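*Asks:* Fold the following, please.
(4 chains)
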There are 2 protein chains.
Amino acid sequence: MNMELSGRGKPSPEKAQRAQVRTASDHAAVGIGLNAAIVAVLDNEPVALAVRGEPDSAGATDVLPFGPFSPREHRTLEGGLRAWVHNQTGLDLGYAEQLYTFADRGRLPEPGDVAPHVVSIGYLALTQANGQHGLTNGVWRSWYHYFPWEDWRRGRPDIIAGEIEPRLKAWADKPVPSSSTANPIARGDRARICFGLDGAAWDEEKVLERYELLYEAGLVDEALRDGRSSAQAWSVRPKLGLPMQADHRRILATAIGRTRAKIKYRPVIFELMPNDFTLYELQKTVEAILGPHLHKQNFRRLVESAGLVEPTGDMKTRTGGRPAKLFRFRREVLLERPAPGVRVSAPPSRS
Amino acid sequence: MNMELSGRGKPSPEKAQRAQVRTASDHAAVGIGLNAAIVAVLDNEPVALAVRGEPDSAGATDVLPFGPFSPREHRTLEGGLRAWVHNQTGLDLGYAEQLYTFADRGRLPEPGDVAPHVVSIGYLALTQANGQHGLTNGVWRSWYHYFPWEDWRRGRPDIIAGEIEPRLKAWADKPVPSSSTANPIARGDRARICFGLDGAAWDEEKVLERYELLYEAGLVDEALRDGRSSAQAWSVRPKLGLPMQADHRRILATAIGRTRAKIKYRPVIFELMPNDFTLYELQKTVEAILGPHLHKQNFRRLVESAGLVEPTGDMKTRTGGRPAKLFRFRREVLLERPAPGVRVSAPPSRS
DNA sequence: TTATATATGCTCTAAAAGAGCACATAGCGA
DNA sequence: TCGCTATGTGCTCTTTTAGAGCATATATAA
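*Replies:* Prediction:
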């Protein structure tokens, strides 16, 4: 079927095409940076690698590992990433995937910031931190430090009802400056959907949407630093989570959301596990990532019947109870199922 | 919970952090380009906007719309994208999302290609081409022109059994040059999983994996052009789909895969539909995107019970049969469900 | 020995997915 | 006018999957 519905004018497509190949000289030169959200699970706590430095104007000290990308030295983005991560931290990354490219002006609010300019490409890396004691820089910090409202392992976190809900409701009730865009979703509705207020469901994957809503509402320090909120809000400043410099907390939010989504249809959870593990350890790792806790028997049925694991034949004693069978990741599942993953869905929120 | 498991050396994190803020000067300058896969559905055919030009060394004439990003002129990537798409084609984009950033050297195999260098950021845009007759450049081409093996609407496409399967099997049987990476998935297994050979399931979302496998096996013209395959393969050259210049077919594959995945959990299908439509028209549009055809009654039950649509009250006659009720997208679904979309899964492949 | 963890098998129910039957209502041609 | 055909629409039935709970097994620790 040939659909050549070309526009009426059709003024010289050759010229247009030519313009597309004669590329480099047309562009303003910018720098390329790579940001890595390097994730692991230590003692049932999901952690990300952070580097600490001088506080910025918002008091934020933490940054994600960051390095420039030089096309002279590295053929691929991922290759460049692995190289400087290794140099900076001593870590050898296992799994890595690209998250998002951030290039908005004002990302790095330096005075007089015009082009040239930095585009930064965010990456998510999953690693197993155990035994990786060669860490030469940076610290592992629980990601719930930065996003306390995401931790539903002990039920609905108090910070939602105590801090977030009232402040978001106040923000929703303020008269909105009659934006021009047609029919956007109302502030109150967005708050309800993002944070599961008024009985709405909690969606653990909406990590970025939640952070961006708080940013827009001026409830995270980065928003104040970037001048997006009133000084009034600044004065009543109970922190909602630990801020990071630049837009790194946004990148980390993207990474957490992606991780939570991805473990459901790809077996990446095993990137975070040792070779042999008990099903309960696996469950605790999944819970660390997703937030809510899971029904144990159903979880076991799920991972076993999905063919994700196979018994090693050994047992683990010293569990504090009956010894547990040890399992390992069953690679063959990749050849059998189109999208193998831990297809859990959270139980109804125990708020 | 404070997890400050810093590495032993911990040599001056302050210095590291400082290096991360003093950014731009560290970077080799490169150009930023934006590629857009602009997708619509015309007469039940999924189409992408292509611009035609002079054939490259592989005989490829088509490119995706492409434009430079200048941080001087545009504050955001998406803003820049919308601007030059409008200038080049006359289209006003509705929905747009970032796909992937491609920066590998050798992307544009120009002689003597070293840095400076172009990083290109791929975007997916969905639009409704009807009435958009202001198109001043480019043509709408069925995306199955570029990827004939993806069109399962009339059952399994013949090109798989006729061309792809035997040539992939031959490639799989060739001695692999003893790669260094540990335990990769065997070529034969990859072919089976990607293309649903030997009774394996067809996964309509693996568009990029399939294209990349064909590229790696030297079965698409771009692979020959880029020098990744033997001249022998070049001589026996039945095209597998229409090639594009540079890596644009890869970007389009990414866009198709993303679209196929996304309509299942976000109501983006309505970006491709007119305001009022019949359920059958909606179904045909979904089938155009996904490939396989769907069970009509179940499809209706699905979209209605999911609250995705509501009747307008009007009927559409001239359907060739009983008049059909007209529906429209029901926006309130965004406030009710965490991930509303056309959650279809394809029926067992009728091969 | 008992209390208390964790491990593991099994059942029951509800919801969702997959497939088909039956019939309604239009245009169109013999 | 009478089917024929194409689409629209309601309903049932079965299978599969998800959600939740009961019961029991086997360790460690006080």
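*Asks:* So what would you say the end-to-end distance of stretch A:53-64 is?
*Replies:* Distance across stretch A:53-64, first residue to last, is 11 Å (Cα to Cα, to the nearest Å).
*Asks:* Low-confidence ranges, the stretch 101-250 of chain A, go.
*Replies:* Across the stretch 101-250 of chain A, the ranges flagged by pLDDT under 70 are A:105-116, A:131-134, A:178-182, A:228-238.
*Asks:* What are the boundaries of the strands in it?
*Replies:* Here the stretch 101-250 of chain A has its strands, by DSSP state E, counting those that start in this stretch, at A:118-126, A:139-142.
*Asks:* what does the stretch 1-150 of chain A put close to DNA strand C?
*Replies:* By Cβ under 7 Å from any atom of the strand, no residue of the stretch 1-150 of chain A approaches DNA strand C. Placement of C-beta: from N, CA and C, glycine included.
*Asks:* Name the residue of the stretch 1-150 of chain A that lies nearest to DNA strand C.
*Replies:* A:Asn44 (10.7 Å; Cβ to the nearest atom of the strand).
*Asks:* Out of the strands of the stretch 101-250 of chain A, which is the most enclosed?
*Replies:* Of the strands of the stretch 101-250 of chain A, the one with the most neighbours on average (mean count of other Cβ atoms under 10 Å in any protein chain shown) is strand A:118-126, at a mean of 25.
*Asks:* Hey, what's the angle from that one to strand B:118-126? Just curious.
*Replies:* Relative orientation of strand A:118-126 versus strand B:118-126 (axes from the mean of the first three to the mean of the last three Cα atoms, to 10 degrees): 80 degrees.
*Asks:* Do a quick rundown of the helices in chain A.
*Replies:* Under the criterion DSSP state H, helices of chain A are mapped to A:13-21, A:77-89, A:143-146, A:158-159, A:165-173, A:187-195, A:207-216, A:221-225, A:231-235, A:248-262, A:279-290, A:296-305, A:333-336.
*Asks:* Distance to chain B and mean neighbour count added to these, as TSV?
*Replies:* Output for those, formatted as TSV (distance: least, Cβ to the nearest Cβ, whole Å; neighbours: other Cβ atoms under 10 Å in any protein chain shown):
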stretch	distance to chain B	mean neighbour count
helix A:13-21	2	17
helix A:77-89	5	19
helix A:143-146	8	22
helix A:158-159	15	14
helix A:165-173	13	16
helix A:187-195	5	20
helix A:207-216	11	21
helix A:221-225	13	22
helix A:231-235	22	11
helix A:248-262	9	23
helix A:279-290	11	20
helix A:296-305	17	14
helix A:333-336	5	15
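*Asks:* any chance of these in a markdown table, with distance to B:Glu204 too?
*Replies:* Shown next, in a markdown table, are those (distance: least, Cβ to Cβ, whole Å):
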| stretch | distance to B:Glu204 |
| --- | --- |
| helix A:13-21 | 30 |
| helix A:77-89 | 27 |
| helix A:143-146 | 33 |
| helix A:158-159 | 41 |
| helix A:165-173 | 39 |
| helix A:187-195 | 29 |
| helix A:207-216 | 26 |
| helix A:221-225 | 40 |
| helix A:231-235 | 47 |
| helix A:248-262 | 19 |
| helix A:279-290 | 27 |
| helix A:296-305 | 24 |
| helix A:333-336 | 18 |
